[in-house]
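1. whatever this is, show me its structure:
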Amino acid sequence: MTAGAQNQGRRRRSKVAGQLGSWAAGQLGSWAAGQLGGWAAGRLGGWAAGRLGGWAAGRLVWFW
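-> Coordinates of the predicted model:
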């Protein structure tokens, strides 16, 4: 095998590795963003529901 052919093979492998790496990073990034977004929405939603529910219950008790 000539040096030129070896270099070409190595270059092709590194290109594939780069594509695979960027794909994996994208997958992991979108998964992490989804997890974090879901957690943040859950926390915020739970807090808002708790605040609103507590306020409504307080108003109801006060009304009675």
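2. pLDDT averaged over the helix or strand harbouring residue 48 - what is it?
-> Under the criterion of DSSP states H and E, residue 48 resides in helix 3-63. Helix 3-63 carries an average pLDDT of 87.
3. pull the distance from it to the chain's centre.
-> 1 Å (CA atoms, centre = their mean, to the nearest Å).
4. neighbours around residue 10, how many?
-> Look at residue 10: counted by other CB atoms under 10 Å, it has 10 neighbours. Glycine gets a C-beta too; all of them are placed from N, C-alpha and C.
5. again with the one 5 residues further on
-> By other CB under 10 Å, the residues close to residue 15 number 10.
6. residues contacting it?
-> Counting by CB atoms under 8 Å, 6 or more residues apart in numbering, residue 15 makes contact with nothing.
7. from residue 3, how far off is it?
-> Per CB to CB, to the nearest Å, residue 15 is found 19 Å from residue 3.
8. centre-most residue in this protein?
-> By CA atoms, centre = their mean, the chain has its centre lying nearest to residue 33, at 1.7 Å.
9. distance of that residue from residue 4?
-> In terms of CB to CB, residue 33 sits 43 Å off from residue 4.
10. what does residue 39 give?
-> 52 Å.
11. likewise for residue 49?
-> The gap separating residue 49 from residue 4 is 67 Å, by CB to CB.
12. same thing with residue 20?
-> Per CB to CB, residue 20 is found 25 Å from residue 4.
13. now swap in residue 31 and tell me
-> 41 Å.
14. residue 40 now?
-> For residue 40, the distance to residue 4 - CB to CB - is 53 Å.
15. check residue 29 too.
-> Residue 29 is 37 Å from residue 4, by CB to CB.
16. what do you get for residue 41?
-> 55 Å.
17. then residue 21?
-> Taken as CB to CB, the span from residue 21 to residue 4 is 26 Å.
18. for residue 17, same thing?
-> Here the criterion is CB to CB. By it, residue 17 lies 20 Å from residue 4.
19. ok, residue 22 - contacts?
-> Going by CB under 8 Å, 6+ apart, residue 22 touches no other residue.
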